[in-house]
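Novice: Sequence first, then the predicted structure, then my questions.
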Amino acid sequence: PKVAEWGCDFVACSAYKFYGPHLGVLWGRPPLLDRLKPPHLEPAGPSLETGTLNHEGIAGAAAAIEFLAGGRGRAGLEATYASLEDHGQGLLERLWEGLSELSGVRLFGPGPQARRTPTVAFTVEGLSSRQVAARLAEQAVFVSHGDFYATTVARRLGQADQGLVRAGCACYTSQDEVDRLIRGVASLRAHFS
């Protein structure tokens, strides 16, 4: 996407969201950047830097973008993102469908019909999110657990104490891996129900 066409004033993200290193990225409309007054002597651009640049992180972020673009510039990047969206959507639909068929599994968030990332949050009745993650790891299925820095959301969902299990599908996730996750959760339900 072309950020300038979004109509927003600022966009912030971390490069790890596009397979890069943990590095903050900020885009802002130049007139607004010029109005920011951080306590430095330089005007806008360099004045927003925190000190010595993270050259390794910058190189890693650039390499991630180049990897995604496949040497084809913006056209390659746009084609890759369209392909990733299609790939992720298929995996999301399979994951959502498979988990929703299991009794005692509660899914959170909009279903795959909504425009969303291919990440699913869920709980398994009778097990904490930490236990689910640990038992799936024993089966070589790796998920995350906790509140993911969304403590207010977790509290409003009634999950502040145990958190949620989160499984995400990436560019390298296969249909077989999604099926292994579903089978793993099914085996937990069979064993602990």
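Specialist: Happy to help now that I have it.
Novice: From here on, just use CA atoms for contacts and neighbour counts.
Specialist: Will do.
Novice: Mind checking what secondary structure the nearest residue to residue 165 once chain neighbours are set aside has?
Specialist: Nearest non-adjacent residue to residue 165, counting by Cα to Cα, 6 or more residues apart in numbering: residue 145, 4.5 Å away. Look at residue 145: counting by DSSP: H, G, I helix; E, B strand; the rest coil, its state is strand.
Novice: and if you look at residue 88?
Specialist: Once three-state DSSP is applied, residue 88 turns out helix.
Novice: thought it was touching residue 168?
Specialist: No: judged on Cα atoms under 8 Å, residue 88 makes no contact with residue 168 at a distance of 9.2 Å.
Novice: Common neighbours of those two, please.
Specialist: Jointly contacting residue 88 and residue 168 under the rule Cα atoms under 8 Å, 6 or more residues apart in numbering are residue 118.
Novice: who's more crowded, those two?
Specialist: Remark: of residue 88 and residue 168, residue 88 carries more neighbours, 23 against 18, as counted by other Cα atoms under 10 Å.
Novice: Next one: residue 84, what pLDDT does it get?
Specialist: For residue 84, the model assigns a pLDDT of 95.
Novice: Quickly find the element holding it.
Specialist: Using DSSP states H and E, residue 84 sits within helix 73-100.
Novice: continuing past that helix, what's the next helix or strand?
Specialist: In the C-terminal direction, the helix or strand that comes right after helix 73-100 (DSSP H and E) is strand 105-108.
Novice: between the next helix or strand after that next one and helix 73-100, how many degrees?
Specialist: Where DSSP H and E defines the elements, the next helix or strand beyond strand 105-108 is strand 119-124. Put simply, strand 119-124 runs at 20 degrees to helix 73-100, going by axes from the mean of the first three to the mean of the last three Cα atoms, to 10 degrees.
Novice: per-domain residue ranges of the chain.
Specialist: Here the domain parsing of the chain from automatic domain parsing is 3-69, 85-192.
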